[in-house]
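> Only the shape, not the letters, is given here:
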């Protein structure tokens, strides 16, 4: 009672200043004991640590039996974008093995990105060193991995270290200072440790109560003051160095967090998400590994959090996972069946919403949905494009034609001047097609599940009279990574806590279905969704945009003439139907990849454009060959057939013209025959061809203004 009276006499700001001390990170762990400082009760070094340096990006099979050399903590590895493989052997202490309640972790911190593999070469989990909230340096060693082995606690793991940070390699970490191509990374930690699960549980319970004390409105209700009171009591009772003090503290926390909400409280649908830029501050080759690391980490979390839902877009990322991590991909397929790993988006990549051509947008859905159906047995029903720089008014029609009903983005929250007026609404396009659309009101696709973000899901919600639920996308994004275990812990503790919106782990599809069924008179927005920011993306890296548009035009011609060729083969009953689908598919794969919303707009590092500048001419060469082969085949078929029917004896006696456009054309063309040049005015039907025997043509005078095309041959 005396303690409670003293607490009531304390100033609010004095208590608030006290609370972070229990969590830690205010001072170095060596200066005071906190919950963060006791998350591991015992540590021991691994028995063997060896490395193969500078392997390049290679599969596990290439290094498994390689010549590993000893290394040690404190060694540095580089340069930027290099790859080093480590072999870790450990001998888990017998005392740890004898107690099944002890949770054993492998801890690795190379101040960089990395991936841990089993001794069989299966990707287990991604790792990220020293990057604030994105910090992921521990892997839970499952007892089943060694429980039945005669070797006892002896275990072997491999780690692929990528010499890059989560957000690339820049001088002093400053993206404006330029790339640092000679960066080195220190190996800071590699050991095994006993995890203090009770300290972890209390840490995140206390974190939520502390944030409630800080963020809830003290003028409305008593929950903010109650949170402050409970947090101060926990500080009084808790001795981080003594686990026996934790149960009483956890009981206080559970009582506060377990006080339930009213039935009509705002409902937050929390879904894990990992935004992976296909290229941005790193090259495409690193993105393949970012995808693998991120996917492995999420599959690993699903083993410990059965209610956890994670969504990921971009069929291209899944394709790379299938090619590079086949065993991991099998796990993903199973988690898709379990409704934990949720493919979304329906497109090949999250493409640019303006510069990308209409046909390319359609192909993004065609190729994406086809891939998802083939490998996951279902089409996506939610279109994801949370980070592109504006949205064309033609998209609702294309979205619907792609078999999708719903659309999710949040980018317009970045508008400089005019704040978008709706959160959940119908977006109507040029032709009148509408899709149910939602902007997550936390205004981020990289939430970490803190109280401020959960509250803003309600306070920023702009359609409260019409709907009462919203989506929160949580997880480390842009550079990959995805949700951390602590994000899930924080959101679970806010599941139904009085004073906060309700939170449940659920898919975005379920959110939309519920919103569709329960919302009342939602508003409609007609036309483009214009982003008042990043306008330079319409012009930056103009040569890259030129290449994209040229490829869009040339691949249409290549496909059109290939189709003409097939039709003629069927009509005339002779020749070969040329349609090089494998090459066309490969060209589309690369074109669609380069339409990603950082690549096409011009917002990537120079390494990315070095690659596209090399690749685009190769694509154009492939398309030129397909077009030339199709035209040559049709010329042979048509001129040969015409010669038989009209008595023409040789191809110079006639002119064959094609029109791949969807309107009739009248053009003046020039034709070199021998040493003479002749000019003709001709009419060609839309999407067709016409044969002009020279005997029926009358040359005209040269007209520089009218002459548009020069025919060769």
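On my side now, so go ahead. Values in this document were obtained by computation on a predicted structure and should not be read as measured data. Numbering: from 1, shown residues only.

> any low-confidence regions in this protein?
For the chain, the stretches flagged by pLDDT under 70 are 1-9, 25-26, 28-31, 145-152, 575, 640-652, 702-713.

> Residue 88: what secondary structure?
strand (DSSP: H, G, I helix; E, B strand; the rest coil).

> hang on, isn't it packed against residue 190?
Yes. The pair residue 88 and residue 190 passes the contact test of CB atoms under 8 Å, sitting 6.6 Å apart. Every residue, glycine included, has its C-beta placed from N, CA and C.

> which residues are in contact with both of the two?
Any residue near both residue 88 and residue 190 by CB atoms under 8 Å, 6 or more residues apart in numbering counts here, and that gives 46, 49.

> Now do the contacts for residue 521.
residue 466.

> Next one: it relative to residue 425, how far apart?
According to CB to CB, to the nearest Å, residue 521 and residue 425 sit 11 Å apart.

> tell me which element residue 375 falls in.
helix 358-376 (DSSP states H and E).

> Buried residues of that helix, list them for me.
By 16 or more other CB atoms under 10 Å, the buried positions in helix 358-376 come out as 360-361, 363-369, 371-372, 375-376.

> Stretch 137-147 too?
Here stretch 137-147 shows 137, 138, 139, 140, 141, 146 as buried, counting by 16+ other CB under 10 Å.

> quick check, nearest of the residues you listed to residue 260?
residue 140 (31.7 Å; CB to CB).

> Contacts only, for the nearest residue to that closest one once chain neighbours are set aside.
Nearest non-adjacent residue to residue 140, counting by CB to CB, 6 or more residues apart in numbering: residue 105, 5.8 Å away. Shown in contact with residue 105 (CB under 8 Å, 6+ apart): 40, 138, 139, 140, 141, 192, 193, 194, 195.

> so can I have CSV of the residues you listed showing secondary structure and distance to residue 33?
Output for these, formatted as CSV (DSSP: H, G, I helix; E, B strand; the rest coil; distance: CB to CB, whole Å):
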residue, secondary structure, distance to residue 33
40, strand, 13
138, strand, 20
139, strand, 26
140, strand, 24
141, coil, 26
192, strand, 22
193, strand, 17
194, strand, 17
195, strand, 17
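
> longest helix in this structure, by residue count?
Ranked by residue count and defined by DSSP state H, the top helix of the chain is helix 606-646.

> And the next helix or strand past that helix?
According to DSSP H and E, the helix or strand after helix 606-646 is strand 654-659.

> Strand partners (parallel or antiparallel) of that next one?
strand 688-693 (antiparallel) (DSSP bridges).

> Distance from the chain centre to the partner strand, please.
Mean-position distance between strand 688-693 and its chain equals 49 Å (CA atoms, centre = their mean, to the nearest Å).

> do the same with stretch 190-203
On CA atoms, centre = their mean, the centre of stretch 190-203 falls 30 Å from the chain's centre.

> ditto for stretch 310-326
Counting by CA atoms, centre = their mean, stretch 310-326 comes out at 10 Å from the chain centroid.

> and what of stretch 296-316?
Centroid separation for stretch 296-316 versus its chain: 13 Å, with CA atoms, centre = their mean.

> re the thing from before, is the residue nearest to residue 140 in a helix, a strand, or coil?
Going by three-state DSSP: residue 105 is strand.

> same thing with residue 701?
coil.

> what's the closest non-adjacent residue to it?
residue 679 (7.2 Å).

> Can you name the residues bridging to the one you found?
residue 670.

> Equivalent analysis for residue 116, please.
residue 125, residue 159.

> How much space separates it from residue 107?
In this view, residue 116 and residue 107 are 11 Å apart by CB to CB.

> the more surrounded of those two?
residue 116 (23 against 18; other CB atoms under 10 Å).

> which residues does that one contact?
By CB under 8 Å, 6+ apart, the neighbours of residue 116 are 106, 108, 123, 124, 125, 126, 127, 139, 157, 158, 159.

> try residue 12
So residue 12 contacts 218, 228 (CB under 8 Å, 6+ apart).

> Mind doing that once more with 10 Å?
Residue 12 makes contacts with 213, 218, 224, 225, 228, as judged by CB atoms under 10 Å, 6 or more residues apart in numbering.

> isn't residue 522 right next to residue 463, touching?
Yes. At 6.9 Å, residue 522 counts as touching residue 463 under the criterion of CB atoms under 10 Å.

> Mutual contacts of the two, please.
With CB under 10 Å, 6+ apart as the test, residue 522 and residue 463 both reach 422, 423, 424, 425, 515.

> Distance check, the last one against residue 471.
For residue 515, the distance to residue 471 under the criterion CB to CB works out to 9 Å.

> So the two - more neighbours on which side?
residue 471 (29 against 22).

> Which of the three states applies to that one?
Going by three-state DSSP: residue 471 is strand.

> excluding its backbone neighbours, what's nearest it?
residue 440 is the one closest to residue 471 (CB to CB, 6+ apart), at 4.6 Å.

> count of neighbours near that neighbour?
If we define neighbours as other CB under 10 Å, then residue 440 has 30 of them.

> and it, what is it in contact with?
Neighbours of residue 440 in contact, by CB under 10 Å, 6+ apart: 268-269, 271, 273, 386, 408-410, 413, 423, 447, 453, 456-457, 460-461, 470-474, 508, 511.

> Give me the subset of these that lies in strands.
268, 269, 271, 273, 408, 470, 471, 472, 473, 474 (DSSP state E).

> Quick one: end-to-end distance for stretch 271-289.
The first and final residues of stretch 271-289 sit 23 Å from each other (CA to CA, to the nearest Å).

> Tell me the buried residues in that stretch?
For stretch 271-289, by 16+ other CB under 10 Å, it's 271-284, 286-289.

> ok, back up a step: okay, and the common contacts of residue 521 and residue 425?
Common neighbours of residue 521 and residue 425 (CB under 10 Å, 6+ apart) are 463, 466, 467.

> With residue 122 as the reference, measure out to the residue nearest to residue 140.
Counting by CB to CB, the gap from residue 105 to residue 122 is 19 Å.

> any common contacting residues for residue 116 and residue 107?
127, 139.

> ok, which stretches of the stretch 101-250 of the chain are strands?
103-109, 113-118, 123-128, 138-140, 154-162, 185-186, 189-195 (DSSP state E, counting those that start in this stretch).

> same for the last one, what does it pack against?
For strand 189-195, the helices and strands in contact under the criterion 3 or more CB pairs under 10 Å, 6 or more residues apart in numbering; DSSP states H and E are strand 40-45, strand 83-91, helix 94-98, strand 103-109, strand 138-140.

> Quick check: which of those is nearest to residue 592?
strand 83-91 (27.2 Å).

> Could you pull out the buried residues of the closest one?
Quick answer for strand 83-91 (16+ other CB under 10 Å): 83, 84, 85, 86, 87, 88, 90, 91.

> Going by distance to residue 352, which of those residues wins?
Once CB to CB is applied, the member of the buried residues of strand 83-91 that ends up nearest residue 352 is residue 83, at 30.3 Å.

> Now do the contacts for that closest one.
So residue 83 contacts 52-58, 63, 77, 114, 160-164, 286, 289 (CB under 10 Å, 6+ apart).

> Just the buried residues of the residues you listed.
52, 55, 63, 77, 114, 160, 161, 162, 163, 164, 286, 289.

> Of those, just say which sits nearest to residue 418.
residue 286 (36.8 Å).

> so the closest one makes contact with residue 162?
Yes. Using CB under 10 Å, residue 286 is in contact with residue 162, at 6.8 Å.

> Between these two, which contacts overlap?
Shared contacts of residue 286 and residue 162, defined by CB under 10 Å, 6+ apart, are found at 57, 81, 83, 113.

> Pull up the gap between the first one and residue 85, please.
So that's residue 57. 11 Å.
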